[in-house]
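J.: Predicted model follows, preceded by the sequence.
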Amino acid sequence: MIRADGLVKHFDGGLIKALDGVGLEVRLGEVCAITGPSGCGKSTLLNLIGALASPTRGEIRIDGRPLAELGPACLYRRRYLGFVFQLHHLIPDLTLCENVEIPLMTTALGRRKRRERAMALLAEMGLEHRAGSMPSRVSGGERQRAAVARALAMEPPIVLADEPTGSLDSRNAGLILDALLARCRQLNTTLVIVTHDPGVAARADRVVEMLDGRIL
């Protein structure tokens, strides 16, 4: 599903080597955790897979096809990816339900079907009672659960999660991880999750450890 070969990423004209010849393969439906100390290149690797940045050298293939063959980056992200970040990035002027519906606006689904899917996802996250609430009126854990629901709205084949539980207490972290893993396993979704938390990494199918821009 995901194959990265010889990935190199430099910043500041080559003074900073964030990635130094990284190779990685993640199978269809696999849950892969990427761990390592801060600054080792975990988030940079995730950003390259997500086409949020371009490698200095190297290649990424999805289903055997180079990213360049999958169309513009925005189209690739829309078709293939769901993102979950440490910060929720919800739109403050929309309700939780409306936030979850946003990715569905580009589909042929009518308004009622979009609302039904968004409500079903919020229910999976234990948020059906908060669907009409603004982000400012709910807790941080609830906002992050809504962000996970939004990432899953399009049923993407790949979900990229960058420290999705990093700013949460243990209860909310557990709720989010349970819901995310259950949904990904149900749909055979490939999940790549960057984490510092050994408890999160322990629930992955495979753990990849990084240090100084390389995979150990």
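T.: In hand now; what should we look at?
J.: And the strands in this protein?
T.: Ranges of strands in the chain, per DSSP state E, are 2-11, 16-26, 31-35, 57-62, 65-66, 81-84, 158-162, 190-194, 206-211, 214-215.
J.: if I look at the most centrally placed residue in the chain, how far off is residue 138?
T.: What sits nearest the mean C-alpha location of the chain, by C-alpha atoms, centre = their mean, is residue 160, with 2.4 Å. Remark: distance between residue 160 and residue 138 (C-beta to C-beta, to the nearest Å) = 24 Å. C-betas here are computed from N, CA, C, even on glycine.
J.: same question, residue 64
T.: To residue 138, residue 64 is 42 Å away according to C-beta to C-beta.
J.: Between those two, tell me which one has more neighbours.
T.: residue 138 (18 against 8; other C-beta atoms under 10 Å).
J.: residue contacts, that one?
T.: By C-beta atoms under 8 Å, 6 or more residues apart in numbering, residue 138 lies in contact with 96, 130, 146.
J.: So it versus residue 104, what's the distance?
T.: Separation of residue 138 from residue 104 (C-beta to C-beta): 21 Å.
J.: for residue 55, same thing?
T.: For residue 55, the distance to residue 104 - C-beta to C-beta - is 31 Å.
J.: Looking at those two, which one has more neighbours?
T.: residue 55 (21 against 18).
J.: Surely that one is in contact with residue 7?
T.: Yes: the criterion here is C-beta atoms under 8 Å, and residue 55 meets it with residue 7 at 5.1 Å.
J.: for stretch 160-168, how far is the first residue from the last?
T.: Stretch 160-168 has its terminal residues 18 Å apart, counting by C-alpha to C-alpha, to the nearest Å.
J.: Measure how the worst-scoring helix or strand of the chain on mean pLDDT sits relative to strand 2-11, angle-wise.
T.: The least trusted helix or strand in the chain, going by mean pLDDT, DSSP states H and E, turns out to be helix 73-80, with a mean of 86. Calculated by axes from the mean of the first three to the mean of the last three C-alpha atoms, to 10 degrees, helix 73-80 forms an angle of 150 degrees with strand 2-11.
J.: who touches helix 73-80?
T.: 50-52, 62, 67, 70-71, 83, 103, 106, 154, 156-158.
J.: Next, format those residues as a markdown table and append neighbour count and pLDDT.
T.: Output for these, formatted as a markdown table (neighbours: other C-beta atoms under 10 Å; pLDDT from 0 to 100):
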| residue | neighbour count | pLDDT |
| --- | --- | --- |
| 50 | 21 | 94 |
| 51 | 19 | 93 |
| 52 | 15 | 92 |
| 62 | 21 | 95 |
| 67 | 19 | 88 |
| 70 | 18 | 86 |
| 71 | 11 | 84 |
| 83 | 19 | 93 |
| 103 | 20 | 92 |
| 106 | 9 | 86 |
| 154 | 17 | 93 |
| 156 | 21 | 94 |
| 157 | 19 | 95 |
| 158 | 23 | 96 |
